[in-house]
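> Return a 3D structure for these sequence lines:
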Amino acid sequence: MPDPIPAPTPAPTPAPTPTTPWYQGVDGVDSEMVGHWTNAGWHTKSAPEVAREATKAWKAAEAFRGVPADQLLRIPKDASDEAGWNAVYSRLGAPKDAKEYDFSSVKFADGSALEGGFVEQMRSKAFGLHLSKDAAVSMAQEFAKYLDSAETTEKTELAGKLAAEKSALAKNWGPNFEANKFVATRAVQALGLDPEIVNTLEGVVGYAKVMEMFRSIGERIGEHKFVTGQQPGNTNGVMTRDQAVARKQDLMSDTVWAKSYMEGDKAKQREMLALSSIISGIAVPPELMEFVNQRR
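Numbering: from 1, shown residues only. Next up is the predicted model:
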C-alpha cells in the first residue's frame, strides 16, 4: 500500500494590519484632546462609535447648560474620602474652624445672651455636623425657643404649686396667718439667710413646710414676742390682723406710749413695725428692722 500523502502545512496567520486611530491626521487635534479621548475609552473606537458616545455625553451635560462651573458640586464616590467631603461641606457653607460660628445674634425671650458653655457646645455640635453658619444659628435659635418655653412651663407649674401651698398654709394658720408669717420672716432675717436659700428650700420641701419651720424657729428665738395677743380664743398666743389693728389703736391712744415711740424707743418701734406688718401683710424689710435694732 502506498504511503499516505502528508497534509500541507497551513500558512501562518498574517499579522493584523495596524488600525489607524480615527483622529489621526484630523486638524486641530492636540495631546490634551487625545488624553481626554483615551480616558473615555474613545481612542480605540471607530469614528461613528465616538460620534454616538460623544452625543450621549453632550445630552447628559445639556441638563447643566447655563449653570456656572462654580455652582456645580462633585460628590466623592468614596465615603472615606475626607478631603473630598470636606470640599463638599465647604461649598455648602460649613466653616473650616468651629470658632467661625457666631451665635451673638441669638437671644432668649428676655433679651439675655446664650450662656458661654452652651455656645461652645453649639459650636462643637454644629462643626461635627458640618452645618453652614446660617443653619447653625437657626439650630441655636430653636434651642433657645425651646428653653424659653420649658422655663415658662416650669414657672407656671411652680406658680400653681406655690398658690396651692399658700392656700393650704392660710387654711392651717387661720386668722393668725399674717402674724405667723411675720414671725417666720423675722426668723429668716435674724438667721441672716439669703432669700435664694429660702427659695431653694421651698423648691425641695414645699412653701408650707418651710414657713412653718421658720415660724417655729422664730418662736424659739423670741421673734414672736411683739405679735402675741391676750384676747380670748387666741389659743396659740399669736395676733390676728384684727387684733393687730386694735392693738395699734390702743397704743397710739396712749399718750405716754406714743410720746416714747416718737422719741425713738427701740422696743416700741419694733412692736409698731410688727403690728404694721401683720396689718398690711407685708414683711418688714430687713434693712429697716436692722436700723431699728441698732438705734439707742
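
> Going along the chain, name the helices of the stretch 51-200 of the chain.
82-91, 116-128, 133-173, 177-190, 195-205 (DSSP state H, counting those that start in this stretch).

> Comparing those, which stretch has the densest surroundings?
Most buried of the helices of the stretch 51-200 of the chain, by mean neighbour count (mean count of other Cβ atoms under 10 Å): helix 177-190, with a mean of 24. (Glycine included, C-beta is placed from N, CA and C.)

> Tell me which of the helices of the stretch 51-200 of the chain approaches residue 24 most closely.
helix 82-91 (37.1 Å; Cβ to Cβ).

> rewinding a little: compare the helices of the stretch 51-200 of the chain and give me the one nearest residue 256.
helix 177-190 (25.5 Å).

> Need the three-state assignment for the residue lying closest to residue 29 once chain neighbours are set aside.
Leaving aside its sequence neighbours, residue 29 sits nearest to residue 23 (Cβ to Cβ, 6 or more residues apart in numbering; 5.0 Å). State at residue 23, reduced to three classes by DSSP: H, G, I helix; E, B strand; the rest coil: coil.

> Looking at residue 23 now. What's its pLDDT?
For residue 23, the pLDDT comes out at 76.

> how near is it to residue 108?
69 Å (Cβ to Cβ, to the nearest Å).

> do the same with residue 185
Residue 185 is 32 Å from residue 108, by Cβ to Cβ.

> Ok, residue 244 next?
43 Å.

> Which one of the helices of the stretch 51-200 of the chain lies nearest to residue 261?
helix 177-190 (18.6 Å).

> Let me know the average pLDDT across the closest one.
81.

> And stretch 142-150, by the same measure?
pLDDT averaged over stretch 142-150 gives 86.

> quick one: contacts of that stretch?
Contact with stretch 142-150 is made by 106-109, 114, 118, 122, as judged by Cβ atoms under 8 Å, 6 or more residues apart in numbering.

> how about the residues you listed, which pair is most distant?
Farthest pair in these (Cβ to Cβ) is 109 and 122. Separation: 17.8 Å.

> which residue packs closest to residue 207, ignoring adjacent ones?
residue 165 is the one closest to residue 207 (Cβ to Cβ, 6+ apart), at 3.9 Å.

> hang on, the one you found packs against residue 212?
No - Residue 165 is beyond contact range of residue 212, at 10.8 Å (criterion: Cβ atoms under 8 Å).

> where's the residue nearest to residue 207 relative to residue 172, distance?
10 Å.

> got it, and residue 191?
23 Å.

> And residue 189, by the same measure?
Residue 189 is 23 Å from residue 172, by Cβ to Cβ.
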